[in-house]
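Novice: Sequence first, predicted coordinates after that:
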Amino acid sequence: MKPFFTFLFLFLSTSSLFSQVKPDANNTGTTGTLTLYTGDANIIEDGAILENLIINGSLNIKAPNVIIRNCLINTTGTYGIRCNYGHENILIEDCEIRGMSSAAVYGSDFTAKRCKVWDSGADGFKPSSNFLIESCYIYKLGYIDDAHADGVQMVAGNNGVIRWNNFAMPYDEPGYHNSQCIIMSTNVGTIDDILIEDNWINGGGYSVQIIDKGNGYGVPTNVSVLNNLFGRDHQFGPKRTDDGVVWQCNTYEDNGEAIGECPALSVESLTMAKGIKMYPNPTSDYLNFNFSVEFSGTLFMYDLTGRQVLALTLGDTIEDTVSVDCSEFTPGIYFVKMKSKNKSYATKIIIE
């Protein structure tokens, strides 16, 4: 299989530090008129679409390719959406999920985009494997008195991306008991291959905690925390991570103060690189790279086994668009790396 490349001339404006708008209560969740859902809580139809609905209860996703779009899920159940029944390709977008006692979304093989997650008795997301959490607003967690609420709580699993989200979880918020914005702890199994990049993270005891729980599964492996902006409303500090976790180019939002290292030759997040824009992600056909700065180097793509599926030399790319045809790639998560003489960028993409 040989990808096909096209090169187009395009004038681009300078990109900002983050290519995404900071999620908040006004740009996440539902829009427009919603109608009351009267269907079953168990979704068993392959490809079912639930859209523009008020759902007073929980959903159990027991079929693949289910879409839940522009829905208010208001529940006193354990979970808002449960997707741990072994079915793939679940999309949750533009939803508000609130009221649950444990977590808004629990399970694997899901994508959650632009969701407003709040007023949880405990956690926001409890993912395990093959997940993307993107551009969501997570706040006001832990209304149960003895809760130790986490924005994302992961105790085992692999292949996950957490990016462009806003975790607004001050540790001392009245009426709520925020614990960690993001915690990954090998409680019941190994954790591997996780990317946490370009998020706004504020609050918790430790804002980000990635550790070996001590149950025999070891330290989480292949976990990278890159280019996140932190607030100062934490109790103990912005981070607690064991050796082996990659932590680079994270800063405080208020003044740009570095939290850890950001070496000049380190691998930086491609999604926030100045002068380079990558879109769309996920994609099913073309992946585009727009350049408003000169870049000379090589573009690589790898699948999850580490097999290189693309190596393309780039030179004098200023004001160009480089388009890669991904339509023949096997659907899944891929690593994208761009290397120049003195800088490297990396991110993950999803091919559908």
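Specialist: Great, that's in hand.
Novice: since we're on the residue nearest to E257 when sequence neighbours are not counted, how many residues are nearby?
Specialist: Among residues not flanking E257 along the chain, T251 sits closest, at 6.1 Å (C-beta to C-beta, 6 or more residues apart in numbering). In short, each C-beta sits where N, CA and C put it, glycine included. Residues contacting T251 under the criterion other C-beta atoms under 10 Å number 18.
Novice: Spit out the contact partners of T251.
Specialist: By C-beta atoms under 8 Å, 6 or more residues apart in numbering, T251 lies in contact with 228-230, 257-259, 262.
Novice: if we look at the sheet, which residues does it bridge to?
Specialist: T251 forms beta bridges with L229, A258, as assigned by DSSP bridges.
Novice: circling back: closest to P174 among the contacts of T251?
Specialist: The nearest member of those to P174, counting by C-beta to C-beta, is F230 at 22.0 Å.
Novice: Count the residues that sit near that closest one.
Specialist: Neighbours of F230 (other C-beta under 10 Å): 25.
Novice: Same check on the one 10 residues further on?
Specialist: With neighbours defined by other C-beta under 10 Å, the count for R240 comes to 16.
Novice: quick one: it and S207 touch, right?
Specialist: No: between R240 and S207 there is no contact under C-beta atoms under 8 Å: 9.1 Å.
Novice: My guess is M338 contacts V322. True?
Specialist: No: the criterion here is C-beta under 8 Å, and M338 misses it with V322 at 10.1 Å.
Novice: which one of those two has more residues nearby?
Specialist: Neighbours were counted for M338 and for V322 using other C-beta under 10 Å; M338 has more, 23 against 19.
Novice: what's the next secondary structure element after the one helix or strand the more buried one maps to?
Specialist: Assigned by DSSP states H and E, M338 belongs to strand 332-340. Downstream of strand 332-340, the next assigned helix or strand under DSSP H and E is strand 344-351.
Novice: what's that next one packed up against?
Specialist: strand 191-197, strand 267-269, strand 276-279, strand 332-340 (3 or more C-beta pairs under 8 Å, 6 or more residues apart in numbering; DSSP states H and E).
Novice: ok, back up a step: what touches both of M338 and V322?
Specialist: 299, 314.
Novice: so T271, which of the three states?
Specialist: Taking DSSP: H, G, I helix; E, B strand; the rest coil as the rule, one finds T271 in the helix state.
Novice: okay, now the residue nearest to L53 when sequence neighbours are not counted: neighbour count?
Specialist: Using C-beta to C-beta, 6+ apart and skipping residues adjacent in sequence, the residue nearest L53 is Y37, 4.2 Å away. For Y37, the neighbour count with other C-beta under 10 Å is 18.
Novice: what do you get for G214?
Specialist: Neighbours of G214 using other C-beta under 10 Å come to 10.
Novice: Kindly provide the distance from the residue nearest to E257 to P174.
Specialist: 28 Å (C-beta to C-beta, to the nearest Å).
Novice: still on that earlier bit, the residue nearest to L53 touches I55, doesn't it?
Specialist: Yes: with contact defined as C-beta under 8 Å, Y37 reaches I55; the gap is 4.5 Å.
Novice: Now do the shared contacts for those two.
Specialist: With C-beta under 8 Å, 6+ apart, Y37 and I55 have common neighbours C71.
Novice: before we move on, the earlier item: for the helices and strands packed on strand 344-351, which one ends up most surrounded?
Specialist: Highest mean neighbour count among these (mean count of other C-beta atoms under 10 Å): strand 191-197, with a mean of 24.
Novice: got the angle for that one vs strand 344-351?
Specialist: Counting by axes from the mean of the first three to the mean of the last three C-alpha atoms, to 10 degrees, strand 191-197 lies at 110 degrees to strand 344-351.
Novice: Whatever helix or strand comes next after strand 191-197 packs against which elements?
Specialist: As assigned by DSSP H and E, the chain's next helix or strand after strand 191-197 is strand 200-203. With contacts taken as 3+ C-beta pairs under 8 Å, 6+ apart, strand 200-203 sits against strand 166-169, strand 178-185, strand 229-230.
Novice: would you list those strands in JSON lines and tack on mean pLDDT and distance to A122?
Specialist: Below are those laid out as JSON lines (pLDDT from 0 to 100; distance: least, C-beta to C-beta, whole Å):
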{"stretch": "strand 166-169", "mean pLDDT": "98", "distance to A122": "12"}
{"stretch": "strand 178-185", "mean pLDDT": "96", "distance to A122": "9"}
{"stretch": "strand 229-230", "mean pLDDT": "96", "distance to A122": "23"}
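Novice: what's the closest of those to F289?
Specialist: Across the helices and strands packed on strand 200-203, closest to F289 is strand 229-230 (C-beta to C-beta), at 24.0 Å.
Novice: Of the helices and strands packed on strand 344-351, give the one that comes closest to F236.
Specialist: Taking the helices and strands packed on strand 344-351 one by one with C-beta to C-beta, strand 191-197 is closest: 18.6 Å.
Novice: quick one on the thing from earlier: who wins on neighbours among the contacts of T251?
Specialist: Result: N228 is most packed of the contacts of T251 (other C-beta under 10 Å), 30 neighbours.
Novice: ok, now which ones touch that one?
Specialist: 196-201, 208, 250-251.
Novice: mind redoing it with 7 Å?
Specialist: Going by C-beta atoms under 7 Å, 6 or more residues apart in numbering, N228 touches 196-199, 201, 250.
Novice: now do I44
Specialist: Taking C-beta under 7 Å, 6+ apart as the criterion, I44 is in contact with 62-63.
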